[in-house]
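Q: sequence plus predicted model, see below.
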Amino acid sequence: MSRILIVDDTPLMRDALHDVLGMAGHEVVMAENGARALERIDEGETFDLIITDIIMPEMDGIQTIIEVRSRLPKTRIIAISGGSARLDKGRGLDTAERLGAVAVLEKPFEVDALLDAVNAALEMA
């Protein structure tokens with residue numbers, strides 16, 4: 001069983017991802033923003049995979065990826081985004097890939113696409 005951290009400011013999205021990944025057999029932990037995700041990491045929690053939204057208050061997904069990479073360079077990250085009025089979702093996801101995200105998904109995405117990305121990320125050595 002893999003331990004996955006979901007970082008998303010939208011409770012409905014966190015809950016949906018929790019349910020899908022939990023039913024797939026993963027242990028799922030949630031954080032409402034990047035700052036809380038980093039607190040969990042700094043407290044010593046470990047994760048096989050982190051799935052982070054890009055657009056969030058307090059600490060966005062781009063900064064979260066940068067900070068996770070500085071602390072845990074080998075941690076696999078999947079970035080998700082629906083964009084916003086200020087940021088095109090494609091541009092944010094492109095930046096996430098350049099920063100080392102192993103996969104990116106545009107919201108809304110299909111459950112199968114999520115599970116495929118998660119399985120591929122977890123199979124990486």
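A: Nice, I can see it. Numbering: from 1, shown residues only.
Q: contacts and neighbour counts: CA atoms only from here.
A: Noted.
Q: now the residue nearest to the spatial centre of the chain: which helix or strand?
A: The C-alpha lying nearest the average C-alpha coordinate of the chain belongs to Ile51 (CA atoms, centre = their mean; 1.5 Å). Assigned by DSSP states H and E, Ile51 belongs to strand 49-53.
Q: for Asp53, give its distance to Met1.
A: Asp53 sits 23 Å away from Met1, going by CA to CA, to the nearest Å.
Q: go on, Ala121?
A: Counting by CA to CA, the gap from Ala121 to Met1 is 14 Å.
Q: return the list of helices and strands in contact with the strand holding Ile51.
A: Using 3 or more CA pairs under 8 Å, 6 or more residues apart in numbering; DSSP states H and E, the elements in contact with strand 49-53 are strand 3-7, helix 61-71, strand 76-81, helix 111-123.
Q: I'd say Ala103 and Ala79 touch.
A: Yes: Ala103 is within contact range of Ala79, at 6.5 Å (criterion: CA atoms under 8 Å).
Q: look at these two and report which has more neighbours.
A: Ala79 (26 against 19; other CA atoms under 10 Å).
Q: for that one, give me its contacts.
A: Each residue near Ala79 by CA atoms under 8 Å, 6 or more residues apart in numbering is listed here: Ile51, Thr52, Asp53, Ile54, Gly61, Leu93, Ala96, Ala101, Ala103, Val104, Leu105.
Q: who are the contact partners of the residue nearest to the centre of the chain?
A: So Ile51 contacts Ile4, Leu5, Ile6, Val7, Ile77, Ile78, Ala79, Ile80 (CA under 8 Å, 6+ apart).
Q: same check, this time on Met56
A: By CA under 8 Å, 6+ apart, the contact set of Met56 is Asp8, Asp9, Asn33, Gly34.
Q: okay then, goodbye and thanks.
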